[in-house]
Every structure is written in C-alpha cells, then in structure tokens.
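# turn this into a structure:
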Amino acid sequence: MTPPPVDGSHGPALEAHAVGVSLGGARVLDGVDLAVAPGEVVALVGPNGAGKSTLLGVLAGDLRPDAGEVLIDGRRLGEHRARELARRRAVLLQQQGLAFGFRVHEVVQMGRSPWHRTDRADDDRTVVGTAMESADVVHLADRLFPTLSGGEQARTTFARVLAQEAPIVLLDEPTAALDIRHQEVLLTAARRLAAGGCAVVVILHELTLAAAYADRVCVLAGGRVRADGPPVEVLTSTLLSDVYEHPVAVVEHAGSLVVVPVREGASCPVGR
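Numbering: from 1, shown residues only. Got it, this is the predicted structure:
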C-alpha cells in the first residue's frame, strides 16, 4: 500500500494553532499547538480528561474548535471538501459505531470509498487484502463484525484505516483492546506508514509503547501541552509523576525506556 504522498517541502502535513475547545462549560483544550511532519509518529499521552480525544477530533475535522485553527497541507481544514479530506486523512475512533452486520472484509472495503470511480479503485482488491494481512484479520474475513471480540474489532477497523491509503493517519487508543502481540503488530504497521511518508498521530495510554514507537511524545494535561519532544527528553519521572499525580519511574532496559508506577511499599527503581 502506497498512500498519496504529502509534500513536506513547505512545512508540516498537519498543524494545530492555539486550539481551544469548551464542552459543557468546561475548557477542555486551551491554546494547544501541534505540528506533525510527513514521516513522523507523534504520540499523544496524558491522564484521563487531558483532552487527547478532543484534540484528535479537532485534528480530524469532526469537532470545530472555539479558538484557533487546524491546517492540512498548509490549508485550513474547513477549506477541504469532504471527499478531498477523506483522501488526505484517515481516522480510527475509540467507538467503532457499526450497528449493522457487515462482514469483516466489507468493513475493510469501506476504507476504499474515497477512491470510488477513480483510477485508484482498480487497486481495491489488492489494497484491501494487504490491509487485512497487516492487521492480522485475514482469517476473520467472513465473520460478522458484531460477533468479534473487542480486539478483533479494533484490528478490523485499523485495517479499514490502512485500506483508505491516506497520508495523514489519526488513531485514538488503537491498542486499548489488544493483546501484547497485536499491540506490537499495530504499532509496527504505524511505523511502516511513517516510513512511507505518512504523518501519524496516535493516542496511547501505555507510555512504554509511546517511548518505543513514537518519534515525538506530546504530553497533555488540563487541556494544555505540558511537553512535546523526543521520548527520551519528555518521558521523565519528574514530569510524569506531576502530570499523572502519582509517582512514576522511568528506567532504561535493553536500550528502551520503560515507564512503571511506583507502588506503596515497593522500592523505587533507579531511573531518570
């Protein structure tokens, strides 16, 4: 699968400038800036209620901010027609929202709808097959989507995102329902997308996975960006303990960062 390229010569593929959102009288996002370049995986992390999913909704164009703006390919998001936007960005939400009994291969095929009646539709069968292989759902092809486990549904909808072949990919907690092997499968596929020139934004609660797979980690807390940079610079015990309001240790193991909570009565690992 080769998504249409994003021209990174003129700046980031995706940008948020001073984004603010209020919901139900509460300020959920306040002055958030974020830029994601082609070829980059950016992980959004932070405690519950930090504004991660809200920010992803704004980046996707599904939620209009009260303040600030979002740019895709240097143009305001609202200037993109719906079909054009569907060809530029793909979104995986926490809630799958499929109420009807579609089969798995039909769900993945939905990802090809933005390319209907274009030359790229000639590749539909090949692209869908490759996407299903990448998400490890080939053996589920004829299963009805509602009969799948939560993890199987998550992998199926990720395959749909892959099949869309968009150069900007937005993933909201894609690993939450997955076992260890499929967490690695999914994030390896996300890294492969970035290697092919995609800009990838992924919300993760597992900070060790963010450290392993993200080029940059953006830490949100209270609707604001507390830190944004390479994992080795951002994922520190001091910052994370403050943001999560719980003591956290960050240690190095086999060249990778491991983030662990410090439990009462347990000795604190020597870390960063």
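
# compute the distance between residue 62 and residue 247, please.
Distance, residue 62 to residue 247, by Cβ to Cβ, to the nearest Å: 36 Å. In short, each C-beta sits where N, CA and C put it, glycine included.

# please disregard the earlier target; I meant residue 239.
Distance, residue 239 to residue 247, by Cβ to Cβ: 12 Å.

# more neighbours: the two, which one.
Legend: neighbour count by other Cβ atoms under 10 Å for residue 239 and residue 247, higher for residue 239 (17 against 14).

# could you give the mean pLDDT of the helix or strand hosting the more buried one?
Following DSSP states H and E, one finds residue 239 within helix 237-244. For helix 237-244, mean pLDDT rounds to 97.

# please shift the residue numbers so they start at 857 in all later answers.
Taking 857 as the first residue, the last one we looked at is helix 1093-1100.

# name the surrounding residues that touch it.
Outside helix 1093-1100, the residues that touch it by Cβ atoms under 8 Å, 6 or more residues apart in numbering are 902-903, 1063, 1075, 1077, 1082-1083, 1103-1106, 1115, 1127-1128.

# which one is residue 1077 nearest to, not counting chain neighbours?
Spatially, and ignoring its direct neighbours in sequence, residue 1077 is nearest to residue 1099 (4.6 Å; Cβ to Cβ, 6 or more residues apart in numbering).

# around the one you found, count how many other residues there are.
Look at residue 1099: counted by other Cβ under 10 Å, it has 19 neighbours.

# kindly report the same for the one 3 residues further on.
Around residue 1102 sit 12 other residues, with neighbours defined as other Cβ under 10 Å.

# that's a helix at it, yeah?
No - assigned with DSSP: H, G, I helix; E, B strand; the rest coil, residue 1102 falls outside any helix and is coil.

# contacts only, for it.
Contacts for residue 1102 were tallied using Cβ under 8 Å, 6+ apart; they are 1117-1118.

# give me phi/psi at it?
For residue 1102, the backbone dihedrals (degrees, to the nearest 10) come out as phi -160, psi 140.

# could I have the CA atoms of stretch 988-998 written out in PDB?
Coordinates of each C-alpha in stretch 988-998 appear next as PDB, following Å, rounded to 0.1, in the frame of the first residue of the first chain:
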ATOM      1  CA  MET A 988      -6.100  -7.300   6.200                       C
ATOM      2  CA  GLU A 989      -2.800  -9.000   6.300                       C
ATOM      3  CA  SER A 990      -1.100  -6.100   8.000                       C
ATOM      4  CA  ALA A 991      -3.800  -6.000  10.700                       C
ATOM      5  CA  ASP A 992      -3.900  -9.900  11.000                       C
ATOM      6  CA  VAL A 993      -7.600 -10.200  10.200                       C
ATOM      7  CA  VAL A 994      -7.500 -12.300   7.000                       C
ATOM      8  CA  HIS A 995      -8.800 -15.400   8.900                       C
ATOM      9  CA  LEU A 996     -11.800 -13.300  10.100                       C
ATOM     10  CA  ALA A 997     -12.800 -12.100   6.600                       C
ATOM     11  CA  ASP A 998     -16.300 -13.700   6.600                       C
END
